[in-house]
Every structure is written in structure tokens, then in C-alpha cells.
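Q: Predicted model and sequence follow; I will ask about them next.
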Amino acid sequence: MKLATYKDGSRDGQLVVVSRDLGTAHYATGIAARLQQVLDDWGFLSPQLQDLYDQLNSGRARHAFPFDPAQCMAPLPRAYQWADGSAYINHVELVRKARNAEVPESFYTDPLMYQGGSDDFLGPCDDVVVPSEAMGIDFEAEIAVITGDVKMGATPEQALDGIRLVTIANDVSLRNLIPAELAKGFGFFQSKPATAFGPVAVTLDELGDAWEQGRLHLTVQSTWNGRKVGMCDAGPEMTFHFGQLIAHIAKTRNVRAGSIVGSGTVSNKGVKQNGRMEWPKGYSCIAEKRCIETLQDGKPSTDFMKYGDTIRIEVKGQDGASVFGAIDQTIAAPAA
């Protein structure tokens, strides 16, 4: 099934069930008002939502209405936890290589993760408001999962059973703030403002064969100012699958229902063409593009985002239809 949260003036919005083709929706009133309720009592409430989903897809839902992504908050508008990984080691390799640094061996065996703010997410069509263009505004196209309860010490295989929903994310990054923060030795903070999520989150059965062993084997499309800049495969080059990422969090603590775990920037390796390294599948963040330019030409030539820029992130299924709907945002200055 596919679930979304509609804006209603409250912090947590109203849970809606969305049809498979993203054409219609139906309030889940009478079953659950908010997604967190469903995650807390998944075994009892999710079958009821599935029944409503089936009615919606068959045209039998009495109070269906046209689905509008612009009315969506993040599927889970605020969460108990937002932990983002760097599961595509190629992304780390590119960033390190561009500054002539080696990737530590541990990065290939132990996931790299940070814990971001989870009290204020952006909806898929909300403006990305940033105090200054000088902060180095960047998008990051990612896959994310929403979990149920996962016990401390869970194995990666056990952790996979805790995944309830999958969606897409734009992990907005302020690149020019990152070096000073990392130099303090405590990691990201101001350089990672509110993250945006796709209009809908879907259960694993909706993904069919595209979901395999904790990886989503579909293409993540990134379109910056109307120009498609990334067509990156999310599956094959994901070094750590979502079960491994969740198990990493659960090594020393319980992971509770309503935790969101991100994949990090979806990234694919380059290929050698005519004696030169090229990246034909493009990029899922501008920082990576700048690293590619540095490796190819000795210096970056692509600027970070400016006010008025747009970013669209979308994943289409094997049938060509949008799976999660699209993140479609504009970079904006704070209101006067």
C-alpha cells in the first residue's frame, strides 16, 4: 500500500491512503489519524489500511478524492529518529580522491552514519529555505526506510524484518559549513538543515522484484533547474544494505517504531572512455559533480544552488510509473 500525510494545520497532519497510480487518495479516518499510530500498532492497523487501499484501487472507496502532492507533508512529519548513512562507498571514494585522501579500510566493513534533526521535516513540494546562498546549498537524492521496532543486537537479516515503508529523500546539505563542523570532531549539525521526503511511503510488496536483499533496484532521477543531471542505479552499488544500516544503529540500543534511516547519496562508479574517466549516469548531489570535475579538469566548475533553483527527485518503476511521487522543490531565501 501507499501512505501519505496531508497538511491540516497541525504538526502531524492527517494520514491518507493513496492509490497505486497516485491518482486518488482517501483519509484513513476511523483507522488511524497519523502514521506514527500505525507504526506503533502495525500488526493490527496495517491490515485495515490495506483493505482501504484495495477498495481505493478498485474504485470502491466512497470518499476518494484526487491526490495532490503539494498538499503533502513528509509521510512521517516528525520522527523519533532520523539517521542517515553513506551506504554508497563510491560517493566517499570520489570525495576523498578529489582531495588526495585515502578511504580508511574500516569504511568498507562498518557503515558511516550521522544522526540528523528529526523534529522538522519538509514536505515534497515545500521550499528549501536557506539563510544564505554563500552556505553552499546542495541537494542529495536518497532512498529512505521507515522502521518498526528493532531490538538491540539485531543481525542485519533480523533488521530487514523491521522495515515497514520505503520512500525517497532530499538530504539538503550546506557544503560550505561542513569543513569547519567536521574539524571540531563532532560531525554534522548546522550543515544539515531540514530533510525533505517524497509524497508517499510504500510497503515492500509494492516494490515487487525491485526490492531485493535490502536494496531498491531502481533508478533515482535528479532534475536540477529542468535539466536531468542524474540517472543513478540505487541497487547494485549500495555497499551496505538497509538491514546492515539498521543493525549498525541497533548495535548498542533499541531502534523504535518511527525511526527513519537514509541510504546516503545514491552514487555509481565511473567508467573509462577514450582514456578518460566519465560518469555517464550523472550525479545525485552537486558535491559529487564538483569532485568529478576536479578529477577530470583539476578544479570544480559547477556552482552550488542559488535562490530560485529547482530540484526534482523521482523514482520510476519498471512500468515507467512514479513509485513514490516526486520531490519537487525550490530554493528560497527567508521571508523578510
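A: Received it, and whenever you're ready, just let me know what you need.

Q: Show me what the helix or strand bottoming out on mean pLDDT in the chain is packed up against.
A: When the helices and strands of the chain are scored by mean pLDDT, DSSP states H and E, helix 89-98 comes last with a mean of 85. Contact here means 3 or more CB pairs under 8 Å, 6 or more residues apart in numbering; DSSP states H and E; on that basis helix 89-98 packs against helix 286-297. The C-beta positions use only the backbone N, C-alpha and C, and glycine is treated the same way.

Q: now what about the helix it packs on, what contacts it?
A: The contact list for helix 286-297 (CB atoms under 8 Å, 6 or more residues apart in numbering) reads 91, 94-95, 97-98, 138-139, 173, 175, 224, 229, 265, 267, 270, 276-277, 279, 283, 299-302, 304-305.

Q: Surely residue 250 is in contact with residue 156?
A: No - contact criterion CB atoms under 8 Å: residue 250 and residue 156 do not qualify, at 9.7 Å.

Q: Of the contacts of helix 286-297, keep whichever come out buried.
A: Among the contacts of helix 286-297, those classed as buried by neighbour count (16 or more other CB atoms under 10 Å) are 91, 94-95, 98, 138-139, 173, 175, 224, 229, 265, 267, 270, 279, 283, 300, 304-305.

Q: Return the subset of those lying in helices.
A: 91, 94, 95, 98 (DSSP state H).

Q: where does the protein dip in pLDDT?
A: For the chain, no stretch has pLDDT under 70.

Q: could you say what helices and strands the helix ranked longest in it packs with?
A: Criterion DSSP H: the longest helix present in the chain is helix 42-57. Counting contacts by 3+ CB pairs under 8 Å, 6+ apart, helix 42-57 packs against strand 14-18, strand 24-27, helix 35-40.

Q: Contacts for the longest one, please.
A: In other words, helix 35-40. 3, 5, 12, 15, 31-32, 45-46, 49, 75-76, 146-148, 164, 201, 257-258.

Q: 6 Å - rerun?
A: Residues outside helix 35-40 that contact it (CB atoms under 6 Å, 6 or more residues apart in numbering): 5, 15, 32, 45, 76, 257, 258.

Q: repeat for the shortest one
A: Contact with strand 24-27 is made by 16, 17, 18, 56, 61, 64, 67, as judged by CB under 6 Å, 6+ apart.

Q: so which pair among those residues is furthest apart in space?
A: Within those, 61 and 67 form the most distant pair, 12.1 Å apart (CB to CB).

Q: Verify the contact between residue 5 and residue 71 for me.
A: No - the pair residue 5 / residue 71 is not scored as a contact, 9.5 Å apart, by CB atoms under 6 Å.

Q: Those two: which has the busier surroundings?
A: Ranked by neighbour count (other CB atoms under 10 Å), residue 5 and residue 71 place residue 5 first, with 27 against 18.

Q: before we move on, the earlier item: for the contacts of helix 35-40, which two are the farthest from each other?
A: Longest span within the contacts of helix 35-40, CB to CB: 5 and 257, 15.8 Å.

Q: Which parts of the stretch 201-336 of the chain are strands?
A: In the stretch 201-336 of the chain, the strands defined using DSSP state E, counting those that start in this stretch lie at 201-202, 211-212, 215-216, 219-224, 227-233, 259-262, 271-273, 276-278, 310-315, 327-332.

Q: Quick one: distance of the second one to the chain centre.
A: So that's strand 211-212. Relative to its chain's centre, strand 211-212 lies at 16 Å (CA atoms, centre = their mean, to the nearest Å).

Q: Please work out how many residues are found near residue 73.
A: 25.

Q: quick one, phi/psi of it?
A: phi -90, psi -180 (degrees, to the nearest 10).

Q: Can you name the residues that contact it?
A: By CB under 6 Å, 6+ apart, the contact list for residue 73 reads 5, 7, 13, 123.

Q: now do 10 Å
A: Contacts for residue 73 (CB atoms under 10 Å, 6 or more residues apart in numbering) come out as 4-8, 10-14, 35, 121-124, 126, 197, 199.
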